[in-house]
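> Task: produce atomic coordinates for the following.
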Amino acid sequence: MKTSTSCPRRMRVIPRSSASFSGPGRLRWNGNLGKTIKDSCAMLAINREELAGIPSFILRDTRVNDAPVVVHYHGWTGDKGSIENPDQSLVQLASAGFCVVAPDCYEHGERRTDAWFRAQFNGWAFVCQAMDKTRAEAPALFEAVKALPYSSAGRPQVCGSSMGGLIAQMVFAENSEYVSMVSIVGRSSFFQADEWCRQAQQGTWCDDWCAQYATQSHPDRFTDRPVLFIDGGLDTDCPASTNAETVRLINERGGRAEHFVDPEVGHARSPSMRTRFVDWLIAHGQPPLAAP
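Have a look, this model is predicted:
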């Protein structure tokens, strides 16, 4: 996805595949599958890896050998991103000392197949299948991430945007090792927000699936760890009122849910939303390079 937030530090981009920093001003080169972003204060590596068979990008500062993990799931119209133009929010997290993992969701990015014709005829079912398949493979992905030699087993977090926000909610509920979760413009009711679409969905397996996994239908699954929902006040696909109700339901059961709304944007990620996203993950993950 394209982003508008700039990295907090000025950086020079050096294309590479798995280049590694071996001292001041020195790089080792190995093709063109990744890149290193270098300045006097940071050494960021962005590499493509197959984790549990899932194409993923890993963003990290190579000075950190025991980095807390952040797994980020993208939205329906996105993918894991590109090495040439990485999501700047993820770059900021890596700059703080996180090991950031951005996988391709099912039927997205490198995993996209000819099955996409189905979206034209049964769009919502295709979306639900992509979310469910990605949810089901999350445990294997998480184990592969924990096995990375530079990742830490302590304080892992999961997050996502739009469709990825729904996926993050399910993954968080099913994996107690995650210490917190952030969902950006992710509709916690799961059911379609548009009334016509909602009526068309009724009676299908998608309806049962949404009822089974929707955060708003099962707020008790989210009371033991902190969660944050970030919304645009003008969003009609993920109305802020939906997540406000979910936050209320979680907190009245003793949970620690928070809600941040930018009243001036719709289904997007504004600078203020990005700032809240990054700051919240840093506060809960305590990466080693974050400013005190």
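
> Every contact and neighbour count from this point should use C-alpha atoms.
Will do.

> Assign a three-state SS to the residue nearest to the spatial centre of the chain, would you?
What sits nearest the mean C-alpha location of the chain, by CA atoms, centre = their mean, is residue 72, with 2.3 Å. With DSSP: H, G, I helix; E, B strand; the rest coil as the basis, residue 72 sits in strand.

> where does it land on pLDDT?
As predicted, residue 72 sits at a pLDDT of 98.

> Any figure for the gap between it and residue 184?
Counting by CA to CA, to the nearest Å, the gap between residue 72 and residue 184 amounts to 11 Å.

> Repeat that for residue 151.
24 Å.

> so where is this protein shaky, pLDDT-wise?
Judged by pLDDT under 70, the chain has its weakly predicted residues at 1-42.

> Go through it and flag its longest helix.
helix 123-146 (DSSP state H).

> other SSEs contacting the following helix or strand past it?
The first helix or strand that comes after helix 123-146 along the chain, using DSSP states H and E, is strand 157-161. For strand 157-161, the elements it packs on are strand 69-73, helix 163-174, strand 180-184, judged by 3 or more CA pairs under 8 Å, 6 or more residues apart in numbering; DSSP states H and E.

> could I get these as JSON lines with distance to residue 285?
Below are these laid out as JSON lines (distance: least, CA to CA, whole Å):
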{"stretch": "strand 69-73", "distance to residue 285": "8"}
{"stretch": "helix 163-174", "distance to residue 285": "15"}
{"stretch": "strand 180-184", "distance to residue 285": "8"}
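
> Residue 228 reaches residue 258, doesn't it?
Yes - Residue 228 lies in contact with residue 258 (CA atoms under 8 Å); the separation is 4.7 Å.

> Show me which of those two is the more surrounded one.
residue 228 (22 against 18; other CA atoms under 10 Å).

> Strands of the stretch 1-150 of the chain, start to end?
Taking DSSP state E, counting those that start in this stretch as the criterion, the stretch 1-150 of the chain carries its strands at 12-16, 20-21, 27-28, 34-38, 43-51, 54-61, 69-73, 99-103.

> so what's residue 101 up against?
When contacts are counted by CA atoms under 8 Å, 6 or more residues apart in numbering, residue 101 touches 56, 57, 58, 59, 69, 70, 71, 72, 145.

> and the fifth one, bridged to which residues?
Put plainly, it is residue 69. residue 99 (DSSP bridges).

> looking at it, it is touching residue 148, isn't it?
No - contact criterion CA under 8 Å: residue 69 and residue 148 do not qualify, at 10.2 Å.

> And these two? Which one has more around it.
residue 69 (29 against 14).

> which residues does the residue lying closest to residue 105 once chain neighbours are set aside contact?
Distances taken as CA to CA, 6 or more residues apart in numbering put residue 134 closest to residue 105, at 5.7 Å, once the chain neighbours are dropped. Residue 134 sits next to 105, 106, 167 when contact means CA under 8 Å, 6+ apart.
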